[in-house]
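**Student:** mind looking at a prediction? Sequence and model below.
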Amino acid sequence: MRFTWFNLMPWPYLPDDFREKHHSVWVDIDSNLFDPAKGHQVYNNYLDLLEYAGKLGFDGIGVNEHHQNAYGLMPSPNIIAASLARRTDDVALVVLGASIALYNPPLRVAEEFAMLDCISGGRLVAGFPVGTSMDTNYCYGTVPGLTREKYREAHELIKRAWAERESFAFNGRYTKLRYVNLWPRPIQQPHPPIHIPGGGSLETFDFCIDNTYSYSYLSFGGYIRGQALMQGYWDRVAERKAPDDSPYRAGFAQTICVADTDAEAERLYSKHVSYFYNRCLHVYPGFADAPGYRTIKTIQKGILSQYAPQTMFQQLPWKELVDNGSVIAGSPETVTHRMEDLIKKLRVGNIFCLMHIGDMPQDKCMHSTRLFAEKVMPKLRHLFPEYSDDQRFWCKPLAKRAVPGSLPVESEPVGAER
Amino acid sequence: MELKTIPTERVPVRYYEGGAGRPLVFLHGAGGLDMDLGFLDSLAKSFHVYAPLVPGYGDSEECAELRDMLDFTLHTWDVVDRLGVRDPILVGFSMGGMIAGEMAAVAPNDVSRLALIAPAGLWMDEHPIPDIFSMLPFELPGYLFFDAEAGARIMSAGANMSDPKFLQAFLVQNARQLGAAGKILFPIPERGLASRLYRIKAKTVLIWGEGDKLIQPVYAGAFQRAISRSEVVMIPQAAHLAPFEKPAEVIGAITRLQ
């Protein structure tokens, strides 16, 4: 099993009446709500928490990309990953991911990921999301009906740039480059492992299966609701006759809160969970799914955006969120039991642990994170032993890596042999 | 009006045909043709009307190869060609007006009569056109109709968003129709027409509902200034859906082109 500690980086100062008074947390979020001086504190707090998780034995620490979004302060995940690369040493940097269709040219992603892989000594796990409709269409102006074609072309360009050792011309519809010649190049060959976050479209299932990428379902609806979608994926893996059904072909994001007892979990965390589900997920439904973004085939399968009016999160109390699996919360025993249920039912080898939730303060987040790392994770490590040597979907760092901050002492004569 | 199919280079195209007289090609707006059928029936009393559907609209086949403004413009010329019509009165409403304007600009010698009804295609920062793509169904009538309440009743007739089957059909239709429209209208309904309008040689009438809240009447002046032989006809007590709300007045304005 592989556990990645994930931080969405929510803005923790949304007002109590946000849901009533504001149109949307995303796209047209009221920019007066952002205070840059507070932002300085928030970014540094969140980076500290990611680094903290990196020291507790999580396999990865994870970041992602959102735009004009008050629950995601990372328009550039690579900037966050770069700061983490220097302050962590043996944890994977999971960038899930960079929305490749939004970069002009998309080669930029191949370059930045190569830089991150070099700086971190091969610790990069790369992600290529199509991006939500809010991000790609409404914030970044991509034509909905052309988004997937643009994405596929960007993917082809990046893969070729990583693979080919000589300069080549790329004559795409959306990007035309005479000299594609990647410099620097990633440490991991032929390329870093790739995870694709998806929301249930069949095209994305097939894309992952055909390219040996891991499919990640980053839902906030929890594992009970996520089961049908993941079953759809595994059915597709069988239908397309993939060589194996390794659980590492899949990942799932789950909101998790651990305390000493179940009651204590509710006391400590319920208000922050409520902040997330009731304020951060207040997305105007008109932004959920620009017409043309989702394919007809996918709509006909009944797969809607988790932000669409019919699937949107209502004001839910703690008990319901816990019972329906949106949140896995409680004592280490309760959480272990439910995580095992999740892992087996969804058959997922990669867990993206959403452990900083809403406006949770650092001390509570550290408490929950430490209990998970010390009392839950070790009890789940043994699952799927038959696939324990499946390295295809994880990074392969250099054995000997540079140590940041190793400048020579300046009093020594310049050029002296050491 | 009769619904027929004609092959084109890229995709079979569905179109309505009816009436007798001088040929007239009508290009529909982003909402499709459903609400214009009454208008077309009236139009067919004086003209031989052809009203092709943009691929993806109604029951017509989608066409992934139509990606940008030039594709839409040339495709629609292909349709006119296949219909065997020469120099029709070219009429376009909203998105269709944008396409008709482009057609007249790229082939100015092939269009001598042009009617643009509240056409899209220009953008003024001080008069932004609202984002129809992010609107929920209940928000549209306020922008489309002169009488928003009556419009809401018309648009919601038979609609039940809590019925999953209805919702799925609605979303599929939206994805097909507005998915196609988005190629030329998203995120800003402007693809450079302003720099090509000077090429239009046709005698042009610009028809606008005085109460248009989607593409405000101030845009009529911008089109008028850029097209040399053009005049503006403002229709009182009509909004964006002028052909639906005031068919006789719109037809009267088109007839002035004869």
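**Tutor:** Yep, it's here.

**Student:** enumerate the residues of the stretch 151-258 of chain B near chain A.
**Tutor:** Contact residues (Cβ under 8 Å from any Cβ of the partner chain) of the stretch 151-258 of chain B with chain A: B:161-162, B:164, B:167-168, B:171-172, B:174-183, B:186-188. Using the backbone N, CA and C atoms, a C-beta is placed for each residue, glycine as well.

**Student:** where do the strands sit along the stretch 51-200 of chain A?
**Tutor:** A:60-63, A:92-95, A:124-127, A:168-171, A:176-180, A:194-198 (DSSP state E, counting those that start in this stretch).

**Student:** quick check, pLDDT for residue 178.
**Tutor:** Reading this off chain A. Note on residue A:178: pLDDT of 98.

**Student:** oops, chain B please
**Tutor:** The model reports residue B:178 with a pLDDT of 97.

**Student:** packing partners of whichever strand or helix holds it?
**Tutor:** Following DSSP states H and E, one finds residue B:178 within helix B:164-185. Applying 3 or more Cβ pairs under 8 Å, 6 or more residues apart in numbering or on different chains; DSSP states H and E, we find helix B:164-185 packed against helix A:296-300, helix B:69-82, helix B:95-106.

**Student:** what packs against the helix or strand following it?
**Tutor:** Sequence order places strand B:203-209 as the next helix or strand after helix B:164-185, per DSSP H and E. In this structure, strand B:203-209 makes packing contacts with strand B:113-117, helix B:218-226, strand B:230-235, helix B:242-245, helix B:247-255, judged by 3+ Cβ pairs under 8 Å, 6+ apart.

**Student:** for chain A, give me its nearest residue in chain B.
**Tutor:** With Cβ to the nearest Cβ as the measure, residue B:179 is the residue of chain B nearest to chain A, at 2.7 Å.

**Student:** what segments of the stretch 51-200 of chain A are helices?
**Tutor:** For the stretch 51-200 of chain A, helices defined by DSSP state H, counting those that start in this stretch occupy the ranges A:77-87, A:107-120, A:133, A:147-163.

**Student:** can you check which of these gets nearest to chain B?
**Tutor:** Using Cβ to the nearest Cβ, those put helix A:147-163 closest to chain B, at 7.8 Å.

**Student:** quick one: that closest one to helix A:107-120, angle?
**Tutor:** 50 degrees (axes from the mean of the first three to the mean of the last three Cα atoms, to 10 degrees).

**Student:** name the residues of chain A found near chain B, please.
**Tutor:** A:27, A:137-138, A:141, A:143-146, A:149, A:173, A:284-287, A:289-296, A:299-300, A:302, A:304, A:309-310.

**Student:** which of those count as buried?
**Tutor:** Burial by neighbour count, 16 or more other Cβ atoms under 10 Å in any protein chain shown: within those this picks out A:27, A:137-138, A:143-146, A:284-287, A:289-296, A:299, A:304, A:309.

**Student:** any idea how far the helix holding residue B:178 is from the chain center?
**Tutor:** Here the centre of helix B:164-185 is set off from its chain's centre by 17 Å, with Cα atoms, centre = their mean, to the nearest Å.

**Student:** run a quick neighbour tally on residue A:223.
**Tutor:** If you count neighbours by other Cβ atoms under 10 Å in any protein chain shown, residue A:223 ends up with 26.

**Student:** which residue is the nearest non-sequential neighbour of it?
**Tutor:** residue A:342 (4.1 Å; Cβ to Cβ, 6 or more residues apart in numbering or on different chains).

**Student:** does that neighbour lie in a helix or a strand, and which?
**Tutor:** Here residue A:342 is assigned to helix A:332-346, by DSSP H and E.

**Student:** quick one: contacts of that helix?
**Tutor:** A:1, A:223, A:226-227, A:230, A:247, A:250, A:252, A:254, A:256-258, A:262, A:325, A:328-330, A:348, A:351, A:371-372, A:375-376, A:379-380, A:383 (Cβ atoms under 8 Å, 6 or more residues apart in numbering or on different chains).

**Student:** can you name the element that comes right after it?
**Tutor:** Following helix A:332-346 in sequence, per DSSP H and E, is strand A:350-354.

**Student:** next one: the residue lying closest to residue A:23 once chain neighbours are set aside from residue B:9, what distance?
**Tutor:** Nearest non-adjacent residue to residue A:23, counting by Cβ to Cβ, 6+ apart: residue A:284, 5.5 Å away. Distance, residue A:284 to residue B:9, by Cβ to Cβ, to the nearest Å: 40 Å.

**Student:** ok, residue B:258 next?
**Tutor:** To residue B:9, residue B:258 is 32 Å away according to Cβ to Cβ.

**Student:** now residue B:92
**Tutor:** Applying Cβ to Cβ to residue B:92 and residue B:9 gives a distance of 21 Å.
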